[in-house]
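Student: I would like the atomic coordinates for the input below:
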Amino acid sequence: MSQRIRQPASLRDRSNLLGVTPPSSGRSSPFSSSSYAAPKGHRYADDLEGQNDEALEGLSAKVKLLKEITIGIGNEVRESAVQLSNMVRAVFWSPG
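Tutor: Got it, this is the predicted structure:
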């Protein structure tokens with residue numbers, strides 16, 4: 001049975017082997033032409049910024065939900081206070 005030899009990641013990564021390919025080479029690539037000019041650290045920062053944006057959207061949704069819940073609780077407390085007040089008046093002001 002033949003076994004496939006695993007190559008180190010540095011040998012599988014085209015950019016390490018061939019260097020940066022200029023965008024005018026005519027080569028098809030899934031990456032935009034701006035990614036060729038940017039250093040690797042910049043691309044990592046863009047990834048982190050994207051993750052931060054996603055986390056921010058998630059937190060914004062949670063804050064909105066908590067705000068709606070808080071407003072609902074406040075409305076319920078006010079309505080309950082009015083009902084309790086009406087019950088107290090009915091009990092103490094009723095003839096009997």
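Student: in this protein, which spans are helices?
Tutor: 9-12, 14-18, 34-37, 40-92 (DSSP state H).
Student: okay, those, which one's buried deepest?
Tutor: helix 34-37 (a mean of 13; mean count of other C-beta atoms under 10 Å). Where C-beta positions appear, they are placed from N, C-alpha and C, glycine not excepted.
Student: ok, back up a step: ranking the helices of the chain by mean pLDDT, which is last?
Tutor: Mean pLDDT is lowest for helix 34-37 out of those, coming in at a mean of 51.
Student: outside of stretch 79-96, which residues touch it?
Tutor: Under the criterion C-beta atoms under 8 Å, 6 or more residues apart in numbering, not a single residue lies in contact with stretch 79-96.
Student: only alpha carbons, please: show that stretch as PDB.
Tutor: Output for stretch 79-96, consisting of C-alpha atoms alone and laid out as PDB, is shown next (Å, rounded to 0.1, in the frame of the first residue of the first chain):
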ATOM      1  CA  GLU A  79     -49.400  48.100  34.300                       C
ATOM      2  CA  SER A  80     -49.100  45.900  37.500                       C
ATOM      3  CA  ALA A  81     -48.800  49.000  39.700                       C
ATOM      4  CA  VAL A  82     -52.000  50.400  38.200                       C
ATOM      5  CA  GLN A  83     -53.900  47.200  38.700                       C
ATOM      6  CA  LEU A  84     -52.600  46.800  42.200                       C
ATOM      7  CA  SER A  85     -53.600  50.400  43.000                       C
ATOM      8  CA  ASN A  86     -57.100  49.800  41.600                       C
ATOM      9  CA  MET A  87     -57.400  46.600  43.700                       C
ATOM     10  CA  VAL A  88     -56.400  48.500  46.800                       C
ATOM     11  CA  ARG A  89     -59.000  51.200  46.100                       C
ATOM     12  CA  ALA A  90     -61.600  48.600  45.500                       C
ATOM     13  CA  VAL A  91     -61.000  46.800  48.800                       C
ATOM     14  CA  PHE A  92     -60.600  49.800  51.100                       C
ATOM     15  CA  TRP A  93     -63.200  52.100  49.500                       C
ATOM     16  CA  SER A  94     -65.900  49.500  49.000                       C
ATOM     17  CA  PRO A  95     -68.900  49.700  51.400                       C
ATOM     18  CA  GLY A  96     -69.100  47.000  53.700                       C
END
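Student: no further questions, thank you.
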